[in-house]
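> how would this look folded up:
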Amino acid sequence: MNETDEKHFQRGQRLLREGRQGEALSAFLKVIEKRPDAPESHLEAGILYQQHIGDPVASIYHLRRYIELEPATPEAEKAKQMIESARKDFARQLPGQPYDSAMDRLDLLEMLEAVREENQDLKRQLATLRQSVASQAGSGQDAASRVAYSPSQRSGSTTTQRTPTNTATNSTQRSPANGTTRQYTVVTGDTLTRISTKVYGESGRWQDIFQANRDLLPNPNALQVGQNLKIPE
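Below you'll find the predicted structure:
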């Protein structure tokens, strides 16, 4: 079935025409939950989150998913422009403290986007597992074989189906090659992404640093000048 033929998609379009944006968003999200390929629903959700809900992080996620699925369309270019607008909206929403500059705010936005995309990825894996278990139950297998099958699928989905959507998400999958660490002293203006760029040459490994220093950092924005951080090799 084409996405536009889905009953929830058609209901969402009807609700939009009636000016019931909140209900329309729920309908489009149901299409996204059901289908891995729902570019039109992602686009509608991205627009609604930005223009009616006021959630720039959610808007950026859905607009990026549309661009991934439909990169060659005119709407993809419009989606890119909307992403830039949403990033600015996010920066304006944050208070001036404790973030000292717009760059720090955008660093935080990247972290939030990474967490949101990872959460959506896990939801899709869970939906796949549920479908697999339901299929096994319908095939007439006995209960013991179904119970044995479920953990196997859960393990397999984690290693074979998950595809990281950006650098920040991918960094959570890495582990130090040899378990050794080195020290880094925090200076004025440092953020985890900036430190990652300094020591690794890429900003995406900020979570490696964060996880290695959970005893010092209750959250990614708790850096203090003079702290000595462990840097995994």
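> now do the strands in the protein.
Under the criterion DSSP state E, strands of the chain are mapped to 181-185, 228-232.
> which positions in the last one come out as buried?
Buried residues in strand 228-232, counted by 16 or more other CB atoms under 10 Å: 229, 231-232. Any C-beta I mention is one placed from the backbone N, CA and C, and that applies to glycine too.
> how many residues are close by the closest residue in space to L43 that isn't next to it in sequence?
Once flanking residues are discounted, L43 sits nearest to Y66: 4.4 Å by CB to CB, 6 or more residues apart in numbering. If you count neighbours by other CB atoms under 10 Å, Y66 ends up with 25.
> one more: the one 3 residues further on?
By the other CB under 10 Å criterion, the neighbourhood of L69 contains 17 residues.
> list the residues that contact it.
37-39, 42 (CB atoms under 8 Å, 6 or more residues apart in numbering).
> contact partners for L216?
Counted by CB under 8 Å, 6+ apart, L216 has contacts 222, 227, 229.
> name only those of the contacts of L69 that count as buried.
Buried among the contacts of L69 (16+ other CB under 10 Å): 38-39, 42.
> go through those and name the one nearest P74.
Taking CB to CB as the measure, P74 lies nearest P39 of the buried ones among the contacts of L69, at 13.2 Å.
> follow-up on the earlier one: redo the contacts of L216 as a markdown table? Include pLDDT and distance to L16.
What follows is those, written out as a markdown table (pLDDT from 0 to 100; distance: CB to CB, whole Å):
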| residue | pLDDT | distance to L16 |
| --- | --- | --- |
| A222 | 80 | 42 |
| Q227 | 89 | 50 |
| L229 | 91 | 48 |
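> please parse this structure into its domains.
Taking automatic domain parsing as the criterion, the chain consists of the domains 3-93, 102-166, 181-232.
> would you single out the least confident of the ones you listed?
Here the domains of the chain differ in mean pLDDT, and the lowest is domain 102-166 at a mean of 57.
> show me where the protein has helices.
Along the chain, counting by DSSP state H, helices occupy 7-17, 21-34, 39-48, 56-69, 74-93, 102-138, 143-160, 167-171, 192-200, 206-212.
> which one of those helices has the most crowded surroundings?
Highest mean neighbour count among those (mean count of other CB atoms under 10 Å): helix 39-48, with a mean of 24.
> can I get the buried ones among the contacts of L69 in CSV including distance to T73?
Converted to CSV, the buried ones among the contacts of L69 look like this (distance: CB to CB, whole Å):
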residue, distance to T73
A38, 15
P39, 8
H42, 12
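> between those residues, which is closest to A127?
Closest to A127, out of all of the buried ones among the contacts of L69 and judged by CB to CB, is A38, at 12.3 Å.
> hmm, that closest one is touching L29, no?
No: A38 lies out of contact with L29 (CB atoms under 8 Å); the separation is 9.6 Å.
> grab the nearest non-local neighbour of V187.
Using CB to CB, 6+ apart, the closest residue to V187 is V225 (6.3 Å).
> count of neighbours near that neighbour?
Neighbours of V225 (other CB under 10 Å): 10.
> related to what we said a few turns ago, what about the residue nearest to L43, distance to L223?
34 Å (CB to CB, to the nearest Å).
> still on that earlier bit, out of the contacts of L216, which one sits closest to L15?
Using CB to CB, those come closest to L15 at A222, 42.6 Å.
> nearest spatial neighbour of the closest one, skipping sequence neighbours?
Using CB to CB, 6+ apart, the nearest residue to A222 is L216, at 7.7 Å.
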